[in-house]
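In: Show me the folded form of this:
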Amino acid sequence: MKGKMLLAAVGAVLGLSLVLAGMTSGAGAAASARGNPAISPPTHAVVANRTPSPAAARRLALLRTADLSTNAGAARYLRSVGLDPRQVVIQRGTRNYAGPKCPGKKWTCTTSRRVLQMGTFNTYLCAPRTSGSSPNDCTIMQSGGGTATCSETSTANGVTQNCSITQANTTTGANNNALVIQILIQNGAQSGTQAATQNASIAQTNTKGGSNNAGVTQNVVQLLGRGAAALNDDANNADDFTPSTSSPILQKQDAYQRLSVIQTTGNGAALAGNNSAAILQTQLQRARADHSPQITQLQNTVDVNGSATCPVLNAALDDPFANQCNTVQQSSSLVPSLGGKNTVLMRHDYRQFEAASNCCATIGKQAQGSVTDSTHGGLDHRFTQSSSGLSKQTSDQVERQVQRRSSIVSPGIVAEQHGPTRKGTGSQAGNGADTANQTQNSVQVSTPATGVTITNVVSDNCTSQGNCTGTQHVDSNGDVKNNTQSGSTITIAVNCGPEGCATSTGPPPVDIAAGTWNDSDFGVIGTAFGFDPSPGDDPLSSLTITGPSGWNDGSNLVLSSPFYAPPGMGSGLAMTWSGIAPVTGTYQALGVGTSNHTGSAELNTASTLPPPDITSGGRDIESGDVSVTWADPVGAQSYLVRVSPVPFSGVTAEQVLPAGTTTYDFGVLELVPGQEYQLTVFAFASDISSGALTAPFNMSTDDAFFTVPGIG
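Out: The predicted structure follows:
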């Protein structure tokens with residue numbers, strides 16, 4: 001119930017209707033004894049742009065495995081995540097509370113802002129001072145489930161608000177609930193510089209059927225100049241504002257909002273809990289100035305890399321310099337019928353206003369957005385969702401930039417506006433009914449229109465096993481463009497520059513699915529991929545796969561055409577597998593054809609396909625036929641059977657077969673007398689015989705060996 005209340009509170013601000021009832025709770029690989037494709041080993045290259053390992057994910061992983069049964073173990077965990085144990089209160093017991101009002105004598109209570117809680121009922125309310133200088137910090141770590149609330153409010157200038165919540169629950173049915181509220185309101189006089197930074201991270205894992213619930217609101221308001229608080233976009237009225245000044249006026253406003261949410265649920269062989277996140281990020285910057293020999297107004301013009309807090313998932317799609325960004329990563333079981341639901345509701349509201357009048361003896365300036373690189377800054381939302389349960393993502397991004405200049409005399413004011421609005425990385429995997437819906441609305445106004453430079457990049461990239469829909473509306477100083485696309489993969493954009501605005505639908509992404517390789521003798525021993533070798537009828541010459549941190553020793557897997565597609569495989573599909581240990585996370589693909597095609601796939605190492613069981617096989621002495629029979633494993637949708645020499649030097653014969661097949665006769669093969677051969681049966685969770693590409697692309701193997709009798 002508390003999870004519902006948290007989400008409802010944020011949802012009310014979002015202005016969205018939250019449905020809370022469901023939120024409660026080619027090239028192949030190197031040859032090996034297990035029958036890899038008969039082609040050369042892949043070339044490994046150093047990754048040029050590695051996805052950073054976010055601190056939140058590291059804290060969560062360490063908390064799941066930490067020995068917290070002793071104070072020494074707890075201290076080791078705290079040091080491993082960069083915290084001084086002497087500055088953290090450790091709470092143990094059935095009922096733990098951190099905050100200003102202790103519930104009663106039966107509770108273990110503290111007012112500290114840095115607390116590690118281990119108990120059945122954990123509650124943390126962190127509410128730093130309502131005014132004053134930076135920092136405003138909350139660090140919350142809970143083992144055993146609970147409710148964590150971080151509330152930070154300030155009216156001071158130059159404040160950085162930090163909130164970190166890490167929750168790892170292994171108690172049956174218990175939920176993790178996290179609420180973050182960060183508010184900065186800054187008022188200033190005619191001249192001034194304002195700076196605001198809000199950083200928040202929530203990392204939740206629940207392995208016993210409980211759910212993860214997160215609600216976040218980040219709000220920044222910056223006002224400079226008399227009348228700036230008037231919420232209209234009108235030009236200055238000289239009679240209503242300040243008298244003349246002989247001094248130049250400089251108004252500078254910079255705001256950075258960053259958020260990371262990581263949520264994971266599981267429950268072994270039972271139904272996992274749900275993941276839900278509701279997010280609202282708002283920025284309001286307003287500056288008015290008049291009657292000065294020079295006016296300079298700057299809003300979010302400085303690039304600052306925030307990827308340490310708001311992690312970049314794909315360097316080709318995500319902007320590390322965004323002023324307003326969030327990254328949401330949700331995962332649950334990919335085993336059919338065992339995955340929980342994933343839900344994301346997100347709204348960006350980003351508004352800037354500058355007004356200057358009765359100026360300028362010396363040339364002035366108005367600027368909104370990065371003046372270093374016009375493609376940097378602005379808004380960026382990224383998400384990944386994976387589960388056999390239903391995943392839904394709904395996002396709404398609103399941007400409005402307005403500049404007014406009136407009663408300006410020579411040499412005047414130069415003006416520029418840059419408004420990137422991105423829905424960067426977006427991927428869903430595991431359920432054919434998944435939906436992702438994005439709306440983007442960007443308005444830029446700068447008057448008079450002469451002598452102003454305006455650029456904008458509005459982009460939406462999304463892949464889903466279900467359906468993505470993107471809707472874009474752009475009004476760039478009267479140049480209006482609308483764009484929409486719907487499908488399992490969308491890549492749409494509106495780009496505005498000196499020549500005006502133009503809509504586009506980029507090259508289709510490359511469809512790719514990832515999975516585990518499970519062997520009958522050795523267990524999970526590798527990673528498997530299926531992919532479309534010709535996205536949009538553009539044949540690829542190469543495909544580069546980049547895994548999550550720790551996969552393939554940090555190197556890429558590079559595949560080259562011709563790609564591996566054995567006899568009997570459906571058209572439009574290729575595959576590869578290797579003995580690279582799988583790592584749970586997102587895998588990025590870059591396919592190079594006439595155009596570049598990007599794609600992504602989710603992998604969960606807990607998801608495996610049972611191996612087939614060879615019951616008989618070998619070469620008939622009288623007929624010379626080679627045949628194999630096996631038991632059909634649960635979940636197999638297709639098979640590949642193969643004969644190859646030992647040691648492996650190439651494939652002698654192989655064939656893809658549909659689901660339900662349990663025997664195959666290769667006929668008479670040209671085999672070398674005295675040579676040992678390997679019979680391998682590969683099972684696939686995808687129907688590769690029809691060319692279907694579904695996630696996860698799990699595979700499994702079993703094999704048998706026979707030797708051809710010698711001559712004489």
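In: going forward, measure contacts and count neighbours with C-alpha atoms only.
Out: Fine.
In: how about the closest residue to residue 594 other than its chain neighbours, phi and psi?
Out: Once flanking residues are discounted, residue 594 sits nearest to residue 538: 6.4 Å by CA to CA, 6 or more residues apart in numbering. Backbone torsions for residue 538, taken as degrees, to the nearest 10, come to phi -110, psi 100.
In: who's in contact with residue 538?
Out: By CA atoms under 8 Å, 6 or more residues apart in numbering, the contact list for residue 538 reads 593, 594, 595.
In: So the closest residue to the first one other than its chain neighbours: helix, strand or coil?
Out: In space, not counting the residues next to it along the chain, residue 593 is nearest to residue 540; the distance is 4.2 Å by CA to CA, 6+ apart. Three-state assignment for residue 540 (DSSP: H, G, I helix; E, B strand; the rest coil): coil.
In: Quick one: neighbours of residue 540, just the number.
Out: 24 (other CA atoms under 10 Å).
In: before we move on, what about residue 607?
Out: Quick note: residue 607 (other CA under 10 Å) scores 18 neighbours.
In: a markdown table for the contacts of residue 538, including pLDDT, secondary structure and neighbour count?
Out: Formatted as a markdown table, the contacts of residue 538 follow (pLDDT from 0 to 100; DSSP: H, G, I helix; E, B strand; the rest coil; neighbours: other CA atoms under 10 Å):
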| residue | pLDDT | secondary structure | neighbour count |
| --- | --- | --- | --- |
| 593 | 88 | coil | 17 |
| 594 | 82 | coil | 12 |
| 595 | 79 | coil | 14 |
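In: Please identify which of those residues is nearest to residue 197.
Out: residue 595 (38.6 Å; CA to CA).
In: State the distance from the spatially closest residue to the closest one that is not a sequence neighbour to residue 486.
Out: Using CA to CA, 6+ apart and skipping residues adjacent in sequence, the residue nearest residue 595 is residue 507, 6.7 Å away. Noted for residue 507: a distance of 14 Å to residue 486, by CA to CA, to the nearest Å.
In: Which parts of the protein belong to which domain?
Out: Residue ranges for the domains of the chain, per automatic domain parsing: 57-108+116-236+245-505, 512-603, 613-707.
In: Residue 600 against residue 588, yeah?
Out: Yes: counting by CA atoms under 8 Å, residue 588 is a contact partner of residue 600 at 4.4 Å.
In: So between those two, which is more surrounded?
Out: residue 600 (29 against 21).
In: what sits against the more buried one?
Out: 427, 463, 511, 512, 513, 586, 587, 588, 589.
In: cool, and residue 416?
Out: 366, 367, 368, 452, 453, 454.
In: quick one on the thing from earlier: what's the least confident stretch among the domains of the chain?
Out: Across the domains of the chain, domain 57-108+116-236+245-505 has the smallest mean pLDDT, namely a mean of 89.
In: partners of the lengthiest strand in the chain in the sheet?
Out: Looking across the chain with DSSP state E, the single longest strand is strand 452-476. Applying DSSP bridges to the sheet, strand 452-476 is found paired with strand 413-418 (parallel), strand 421-429 (parallel), strand 435-447 (parallel), strand 479-497 (antiparallel).
In: Let me know which of these is tucked in deepest.
Out: Among the strands paired with strand 452-476, strand 421-429 has the highest mean neighbour count (mean count of other CA atoms under 10 Å), at a mean of 27.
In: one step back: now do the buried residues in the longest strand of the chain.
Out: Neighbour-count burial for strand 452-476, counted by 16 or more other CA atoms under 10 Å, picks out 452, 454-476.
In: distance between stretch 109-121 and the chain's centre?
Out: 30 Å (CA atoms, centre = their mean, to the nearest Å).
In: if we can go back for a sec, what about the residue nearest to residue 593, distance to residue 601?
Out: Residue 540 is 18 Å from residue 601, by CA to CA.
In: Kindly report the same for residue 201.
Out: Distance from residue 201 to residue 601, by CA to CA: 24 Å.
In: Please report how far residue 504 lies from residue 220.
Out: 33 Å.
In: Comparing those two, which residue is more hemmed in?
Out: A count of neighbours by other CA under 10 Å puts residue 220 above the other of residue 504 and residue 220, at 24 against 13.
In: What residues are bridge-paired with that one?
Out: Taking DSSP bridges as the rule, residue 220 bridges to residue 184, residue 283.
In: thought it was touching residue 194?
Out: No: look at residue 220 against residue 194 with CA under 8 Å: they stay out of range, at 10.9 Å.
In: Return the set of buried residues in stretch 253-269.
Out: 253-267.
In: oh, I was asking about stretch 170-180
Out: 170, 171, 173, 174, 175, 176, 177, 178, 179, 180.
In: Please report phi then psi for the first one.
Out: Right, residue 170. Per degrees, to the nearest 10, the backbone of residue 170 is at phi -120, psi 20.
In: cool, and the second one?
Out: Note on residue 171: its backbone torsions stand at phi -90, psi 130 [degrees, to the nearest 10].
In: you'd agree it is up against residue 144?
Out: Yes: counting by CA under 8 Å, residue 171 does reach residue 144; the two are 5.9 Å apart.
In: of all the contacts of residue 600, which comes closest to residue 561?
Out: Using CA to CA, the contacts of residue 600 come closest to residue 561 at residue 589, 14.9 Å.
In: now the helix or strand harbouring that closest one, how far from the centre of its chain.
Out: In this assignment (DSSP states H and E), residue 589 forms part of strand 585-592. Distance, stretch centre to chain centre, for strand 585-592: 13 Å (CA atoms, centre = their mean).
In: got a list of contacts for it?
Out: Residues outside strand 585-592 that contact it (CA under 8 Å, 6+ apart): 314, 384, 510, 512, 514, 540-548, 596-604.
In: what's the answer for stretch 302-312, then?
Out: 51-55, 199-201, 254, 258-260, 318-322, 325-327, 369-372, 376-377.
In: Dump that stretch to CSV, restricted to CA.
Out: The C-alpha trace of stretch 302-312 is given here as CSV (Å, rounded to 0.1, in the frame of the first residue of the first chain):
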residue,chain,number,x,y,z
VAL,A,302,27.6,25.5,-20.1
ASP,A,303,28.3,21.8,-20.9
VAL,A,304,28.7,19.6,-17.8
ASN,A,305,29.1,15.8,-18.1
GLY,A,306,26.5,14.1,-15.8
SER,A,307,26.9,10.5,-17.0
ALA,A,308,28.3,9.4,-13.6
THR,A,309,24.8,9.9,-12.1
CYS,A,310,22.6,9.6,-15.2
PRO,A,311,24.3,6.7,-17.0
VAL,A,312,24.7,6.7,-20.8
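In: Kindly export the helix or strand where residue 402 lies (C-alpha atoms) in PDB.
Out: Take DSSP H and E as the rule and residue 402 turns out to sit in strand 391-408. What follows is strand 391-408 as a C-alpha-only set of coordinates in PDB (Å, rounded to 0.1, in the frame of the first residue of the first chain):
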ATOM      1  CA  SER A 391       6.300  -3.900 -19.800                       C
ATOM      2  CA  LYS A 392       4.800  -0.400 -20.300                       C
ATOM      3  CA  GLN A 393       6.600   2.900 -20.800                       C
ATOM      4  CA  THR A 394       4.900   6.200 -21.200                       C
ATOM      5  CA  SER A 395       6.900   9.500 -21.500                       C
ATOM      6  CA  ASP A 396       6.000  13.100 -22.200                       C
ATOM      7  CA  GLN A 397       8.600  15.700 -22.900                       C
ATOM      8  CA  VAL A 398       7.700  19.400 -23.100                       C
ATOM      9  CA  GLU A 399      10.200  22.100 -24.000                       C
ATOM     10  CA  ARG A 400       9.600  25.800 -24.400                       C
ATOM     11  CA  GLN A 401      12.200  28.400 -25.100                       C
ATOM     12  CA  VAL A 402      11.300  32.100 -25.500                       C
ATOM     13  CA  GLN A 403      13.400  35.200 -26.100                       C
ATOM     14  CA  ARG A 404      12.000  38.700 -26.400                       C
ATOM     15  CA  ARG A 405      13.900  41.800 -27.500                       C
ATOM     16  CA  SER A 406      12.200  45.200 -27.600                       C
ATOM     17  CA  SER A 407      13.300  48.800 -27.900                       C
ATOM     18  CA  ILE A 408      16.800  47.700 -28.900                       C
END
